[in-house]
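K.L.:
Give me the fold of what follows.
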Amino acid sequence: MHFAGFLACLGLFWVVAGGPTGASGASWDRPDFATSTLSLDRGDGTLLTYRVELATTPRQHAYGLMHVEAMDADAGMLFIFDGMAVRSFWMKNTLIPLDMLFFDDEGRLVSAVEKAAPGSLVSRRSSGPAKYVLELKGGSMQADGIGPGARLRFPLGG
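P.N.:
Numbers count the residues shown, from 1 in each chain. Alright, predicted model coming up:
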């Protein structure tokens, strides 16, 4: 009888935790991310450099920066998608405020959200189609002087 109760509790935990992939984004289930150096023209010809994790797979896209407790001012995450589409992000299980910058397939800034609140389930959408989304520590856009003409520099890492 005790073993059956244990199995029932284990099954309940399985459902709450999101099954084998941890759909709730448990910190112990964080996927591995490749890293790169990203150069960004802030809109006035001044180049900024960030160390970024690259989110390229659906699992990495879904997990993003969840459960990250702190981030350096020169760090971030670059989401790379296969095509252009309106992108929508939320802050579920995200512990720090983030700036979200949406870029088109040529690296031009489409729109941005500054200081998205940690844990918010409000959908933050790009104002137009985007291929790349750069997430930086909240307040980075203002601190680094990133403006409307901002543009990613390719190739990444160069």
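K.L.:
Grab the most central residue of the protein for me.
P.N.:
Among the residues of the chain, Gly64 comes closest to the average C-alpha position under C-alpha atoms, centre = their mean, at 4.2 Å.
K.L.:
What is the least confident helix or strand in this protein?
P.N.:
In the chain, no helix or strand scores lower on mean pLDDT, DSSP states H and E than helix 2-17, which sits at a mean of 40.
K.L.:
What pairs with the lengthiest strand in the chain, parallel or antiparallel?
P.N.:
Assignment by DSSP state E gives strand 75-85 as the longest strand of the chain. Taking DSSP bridges as the criterion, strand 75-85 forms sheet pairs with strand 47-55 (parallel), strand 130-137 (antiparallel).
K.L.:
Kindly reformat those strands as a markdown table containing mean pLDDT.
P.N.:
Converted to a markdown table, the strands paired with strand 75-85 look like this (pLDDT from 0 to 100):
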| stretch | mean pLDDT |
| --- | --- |
| strand 47-55 | 97 |
| strand 130-137 | 98 |
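K.L.:
hey, which of the ones you listed is tucked in deepest?
P.N.:
Across the strands paired with strand 75-85, the average number of neighbours (mean count of other C-beta atoms under 10 Å) peaks for strand 130-137, which reaches a mean of 24. Where C-beta positions appear, they are placed from N, C-alpha and C, glycine not excepted.
K.L.:
ok so, going back, among the strands paired with strand 75-85, which is nearest Val86?
P.N.:
With C-beta to C-beta as the criterion, Val86 lies closest to strand 130-137 of the strands paired with strand 75-85, at 7.2 Å.
K.L.:
Quick one: residues in contact with that closest one.
P.N.:
Under the contact criterion C-beta atoms under 8 Å, 6 or more residues apart in numbering, strand 130-137 has outside partners 38, 40, 50, 52, 64-65, 71-73, 75-81, 83-87, 89, 96-105, 107, 110-111, 126, 152.
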